[in-house]
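Student: my questions concern the predicted model and sequence given below.
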Amino acid sequence: MVTKNEIKQIASLRQQKFRNELGLFVVEGRKMTEELLQSDFETTGIYATEAFLANHPGFNDAETVSEVQMSQMSGQDTPPGILAVVKIPVRQTLSDNPRFILALDGIANPGNMGTLIRTAEWFGINDIVCSPDCVEVWNPKVIQATMGSIFRINVLETNLTTFLPQQIRKGKAVFGALLEGQNLFETGNQEGGIIVIGSESHGIRSEVLPYITHAITIPRVNNSATESLNASIAAGIIIAELTHQA
């Protein structure tokens, strides 16, 4: 039987402070829990209501909780009926010789972060590096927006002004999404590299710009008056083009 202390602890994981202290995060919903259970992430508990289990009998390891208890634990306005508590993995290294790496500079919006992670997986990018001021990837809104990709993508936090020079010394190209640069669709065949996407409001920061070896831009059509593209939309276009070329 779930205890009041367990419920209180799970509810506390809505806040980054407690996620950091406890090394745990929460996953909610049937699809996300299924994705979780197919991954190598370690769970500390799975909880579901009787109504949910009656309609989804496959979750044999779930502990049954009442609707009230689920609402106390859940961070959603309408709890989906199942949630899991998961250990935050320790990730310190990149995959072996990745073709492309996505580097995120100051991405603050959880929805954008989740979409970027999901987009990276779609195009075969397995490694993402985030500047320390990016929104935390274990934020519940980020987790939901990844639609399960978070369980299959290697996401690291690092200082880009240290990381990018290291990659350049290894011969890697560093592509930066800017308002001015070479037309993305005229960049020619690319063998791989680092794709840098800046924040929604400021773009790539000045201290990162010196490490951009290939400034690229997505051309407007018919001199569109739109100032810029959403970060995740721009990333999707750039990643699709560069990975297609490679």
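Tutor: Here it is on my side, so go on. Numbering: from 1, shown residues only.

Student: shouldn't Gly198 be in contact with Asp105?
Tutor: Yes. Contact criterion C-beta atoms under 8 Å: Gly198 and Asp105 qualify, at 4.8 Å. Heads up, the C-betas are built off the backbone N, CA and C, glycines and all.

Student: how about the contacts made by the closest residue to Lys87 other than its chain neighbours?
Tutor: Leaving aside its sequence neighbours, Lys87 sits nearest to Glu42 (C-beta to C-beta, 6 or more residues apart in numbering; 4.5 Å). For Glu42, the contact set (C-beta atoms under 8 Å, 6 or more residues apart in numbering) comprises Val86, Lys87, Pro89.

Student: filter the residues you listed down to the buried ones, PyMOL style.
Tutor: The following PyMOL line selects those of the contacts of Glu42 that are buried, judged by 16 or more other C-beta atoms under 10 Å:
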select buried, resi 86
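
Student: okay, the contacts of Glu42 in CSV with pLDDT and distance to Cys130 next?
Tutor: Formatted as CSV, the contacts of Glu42 follow (pLDDT from 0 to 100; distance: C-beta to C-beta, whole Å):
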residue, pLDDT, distance to Cys130
Val86, 98, 19
Lys87, 97, 20
Pro89, 93, 15
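
Student: domain assignment for the chain?
Tutor: Annotated domains of the chain cover 4-87, 100-245 [automatic domain parsing].

Student: point out the most buried one among these.
Tutor: domain 100-245 (a mean of 18; mean count of other C-beta atoms under 10 Å).

Student: return the distance of it from the chain's centre.
Tutor: 11 Å (C-alpha atoms, centre = their mean, to the nearest Å).

Student: also stretch 92-103?
Tutor: 15 Å.

Student: what sits up against the lengthiest strand in the chain?
Tutor: Looking across the chain with DSSP state E, the single longest strand is strand 174-183. If you take C-beta under 8 Å, 6+ apart as the criterion, strand 174-183 is touched by 103, 164, 167-168, 190, 193-198, 203-204, 208-209, 211-219, 228, 234-235, 238, 242.

Student: average pLDDT across it?
Tutor: Model confidence over strand 174-183 averages 91 on the pLDDT scale.
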